[in-house]
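Novice: 3D model of this:
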Amino acid sequence: MHKPLKRLLATTVLLLGLPAALPVQADATAQFIPLATYRVGAYASSGIPVWAGMIDYLRYINEVEGGINGVKLTWQECETEWTAEKGIECYERFKHGLDGAPVAVYQPNGAPAAYALAEKAEADKIPLITLGYGRTEATDGTVFPYNFPVMLTFYSEASAFINYVAQREGGLDKLRGKKIATVYHDSAYGRETQRPLQLLAEKYGFENIQIPVADPGNEQAAQWRQVRQLKPDWIFLRTWGVSTPVAIKTAARFGYPVDHIVGDIWASSDEDVLPAGEAGKGYLALTPYPGGATFDIHQRLKQNILDKGESDLKDPRSFGSVYYNSGLVNAAIAVEAIRAGQKKFGNRPLTGEEGRWGLEHLDLDDARLKAIGFLGLMQPLKLSCSDHEGGGAAKVQQWDGQQWKLVTDWVQADRATLRPLIDAKAAEFAREKGITPRDCQPGQ
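Specialist: Numbering: from 1, shown residues only. Got it, this is the predicted structure:
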């Protein structure tokens, strides 16, 4: 089929709510990658570049590498609008695979769906990958065998933020007596860092101030008036969507220095700072997938996908944006987990149980990251039966008014300090649900 016609057809079926065209024919010889997307709704501006990154990388794997060890990938989208209800509908539609192509891993792509699907996915034996969101306590794979908060949980995010502030202040001992405020989206997502910050405040002696912002966060004068009165030394901004640029602009209006505000990973994109205009210049943010198109994978994609007119990007300026790069990283995690599973089960499509084994044996060191073109874009990552997070680090980037500039290398969370808190939360969940934690044997 002629390429422009094929793209028109794909666009038409998406708009009509019909299944999008598949890159290869779905059958038992292919590996199905479900895409629970949100291209419409309040968060569409964030989602569109994410799916472009994911789809571009999946196309690259098929067209340049010939699939994963010869196993071609097939995918299909289902619109969730970032809601739990539609997220569940998409999961139910996809969990059995597509025309014989099985599901090895599932990415719900949203905190509401991630929480809603946790028990369903375990019953169906399909591993959920929730990179940068979802249940922090699922780090404990003995209680949550099919839930993987890969790379950076909210607890690790909080610790990495505190460690960055300590770097700026001259050491962890210099945190004593400091005022550190968290301005947060008043939701399960926003409240998730309260327990680790309380623990870290007790350990290092800083004052822990919590300031909620009601959804959607279009008006924040009261919160930033409180900031002006309390005069915190640093602010951890844990907003999402429209509430982030509103926070940045309101902070400037109330005279708070933007270069002492550090956004979390859901407040770290181009879409968060561009609407803030001049007020955003100097704003800092944590990210496990920094912005920029200078990484090796971008050169490979430009040559093999973009320059051939095969990219899913609607706006070429989004190439290398934070959200585009998050799509690349999410896709790479899925691909490498399947590749790891194939080492045990053979070069064929994997089931959910086999995909879980692959995730629990995922080991991406610098050499492997360099080989796949992700060195510097993705942190080294090693998962296991008992550790479903693996990484626990973020980089800090700063907005210069036009683009993000990295100001740190990987800032590592204090995972040893956080782990007892995580284990206690997992044990509480196990008691409530009557779960007997599995015994993780070496090499399991």
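
Novice: Just the CA coordinates for stretch 382-396, please, in PDB.
Specialist: Only the C-alpha atoms of stretch 382-396 are listed here, as PDB (Å, rounded to 0.1, in the frame of the first residue of the first chain):
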ATOM      1  CA  LYS A 382      19.100  -5.000  37.300                       C
ATOM      2  CA  LEU A 383      15.900  -6.600  38.500                       C
ATOM      3  CA  SER A 384      15.300  -9.800  40.500                       C
ATOM      4  CA  CYS A 385      12.600 -11.900  42.100                       C
ATOM      5  CA  SER A 386      12.700  -9.700  45.200                       C
ATOM      6  CA  ASP A 387      13.500  -6.400  43.600                       C
ATOM      7  CA  HIS A 388      11.100  -5.200  40.900                       C
ATOM      8  CA  GLU A 389      12.500  -1.600  40.800                       C
ATOM      9  CA  GLY A 390      16.200  -2.200  40.100                       C
ATOM     10  CA  GLY A 391      17.500   1.300  39.400                       C
ATOM     11  CA  GLY A 392      16.400   4.100  41.800                       C
ATOM     12  CA  ALA A 393      18.200   7.000  40.100                       C
ATOM     13  CA  ALA A 394      17.300  10.200  38.200                       C
ATOM     14  CA  LYS A 395      19.100  13.000  36.500                       C
ATOM     15  CA  VAL A 396      18.300  16.600  37.200                       C
END
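
Novice: what's the next secondary structure element after the helix or strand bottoming out on mean pLDDT in the chain?
Specialist: Counting by mean pLDDT, DSSP states H and E, the chain has its least confident helix or strand at helix 3-15, which shows a mean of 37. Counting by DSSP states H and E, the next helix or strand C-terminal to helix 3-15 is strand 31-37.

Novice: From the contact counts, what lies against that following strand?
Specialist: Using 3 or more C-beta pairs under 8 Å, 6 or more residues apart in numbering; DSSP states H and E, the elements in contact with strand 31-37 are helix 44-63, strand 73-79, helix 84-94, helix 322-345. Using the backbone N, CA and C atoms, a C-beta is placed for each residue, glycine as well.

Novice: The second one pairs with which strands, parallel or anti?
Specialist: In the sheet containing strand 73-79, its partner strands are strand 31-37 (parallel), by DSSP bridges.

Novice: what about the partner strand, average pLDDT?
Specialist: Averaged over strand 31-37, pLDDT sits at 97.

Novice: Only C-alpha atoms, please: export that strand in PDB.
Specialist: Taking C-alpha atoms only, strand 31-37 is exported to PDB below (Å, rounded to 0.1, in the frame of the first residue of the first chain):
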ATOM      1  CA  GLN A  31       4.900 -11.000  19.900                       C
ATOM      2  CA  PHE A  32       2.000  -8.700  20.700                       C
ATOM      3  CA  ILE A  33       2.700  -5.300  22.400                       C
ATOM      4  CA  PRO A  34      -0.500  -3.800  23.600                       C
ATOM      5  CA  LEU A  35      -0.600   0.000  23.600                       C
ATOM      6  CA  ALA A  36      -2.900   1.500  26.200                       C
ATOM      7  CA  THR A  37      -2.800   5.100  24.900                       C
END
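
Novice: now the angle between helix 322-345 and that strand, please.
Specialist: 150 degrees (axes from the mean of the first three to the mean of the last three C-alpha atoms, to 10 degrees).

Novice: How many neighbouring residues does the residue nearest to Pro316 when sequence neighbours are not counted have?
Specialist: In space, and not counting its chain neighbours, Pro316 is closest to Leu306: 7.7 Å by C-beta to C-beta, 6 or more residues apart in numbering. Look at Leu306: counted by other C-beta atoms under 10 Å, it has 17 neighbours.
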